[in-house]
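Enquirer: Okay, sequence plus prediction incoming.
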Amino acid sequence: LPAQQLVAAHGNFDSAHVIDTEPEVDVEISELKAALDEGDGGWQALRQQKGGLVKPRITFFGESLPERFVSLHERDLMSCDLLLVLGTSLAVQPFAGLLALANCDAPRLLVNREAAGTVETLKYGFRFHLEQESNWRDVFWAGDCDTGCRKLAAALGWQGDLEALIASKGDAA
């Protein structure tokens, strides 16, 4: 996906930065990976060179969520045509509450090893386990995310595109 179409709510491993700096200091992820591959001496040398600890741009428990997520999640969810939920327990807020923000006409698909976020445990939760008249939009696919995404892509006729994207490590056009 193009960067402008992706909101990484917990961040990702596409970039890195020096923590506790103002202004923030960016570090190429390849530089961090190379340092980590060298072991303790590598990451410590990178820390010395950059003036602080370098970490991927991911959000740990207790840290603030990325501003891009905060500013876009409500609008994006309210206008979505389809909500895909992948690999989650849906037990921790604020993410557990995101199901409730999805467009009420949008189908919702959970791809997960086990059922999660059902209406019994979460307000506006999934209803895939209820009778048809009580569930008109929710589907659960049981299994790992990689297999589930590949099966969805195949069903939509996108298997070749997905495999090309995977082979390109995200650089496919």
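Expert: That came through fine.
Enquirer: Mean pLDDT per helix and strand in this structure: which one sits at the bottom?
Expert: strand 11-18 (a mean of 88; mean pLDDT, DSSP states H and E).
Enquirer: Which elements pack onto the very next helix or strand once past it?
Expert: Sequence-wise, the next helix or strand downstream of strand 11-18 (DSSP states H and E) is strand 25-27. Packing partners of strand 25-27 (3 or more Cβ pairs under 8 Å, 6 or more residues apart in numbering; DSSP states H and E): strand 11-18, helix 40-50. Every C-beta, even on glycine, is put in place using the N, C-alpha and C of the backbone.
Enquirer: between those, which one is nearest to residue 149?
Expert: Of all those, strand 11-18 sits nearest to residue 149, with 16.2 Å by Cβ to Cβ.
Enquirer: Run through the neighbouring helices and strands of that closest one.
Expert: Other helices and strands packing on strand 11-18, by 3+ Cβ pairs under 8 Å, 6+ apart, are strand 25-27, helix 29-37, strand 54-58.
Enquirer: Tell me how many other residues surround the residue lying closest to residue 138 once chain neighbours are set aside.
Expert: Closest residue to residue 138 apart from its sequence neighbours, by Cβ to Cβ, 6 or more residues apart in numbering: residue 128 at 4.1 Å. Residue 128 is flanked by 18 other residues according to other Cβ atoms under 10 Å.
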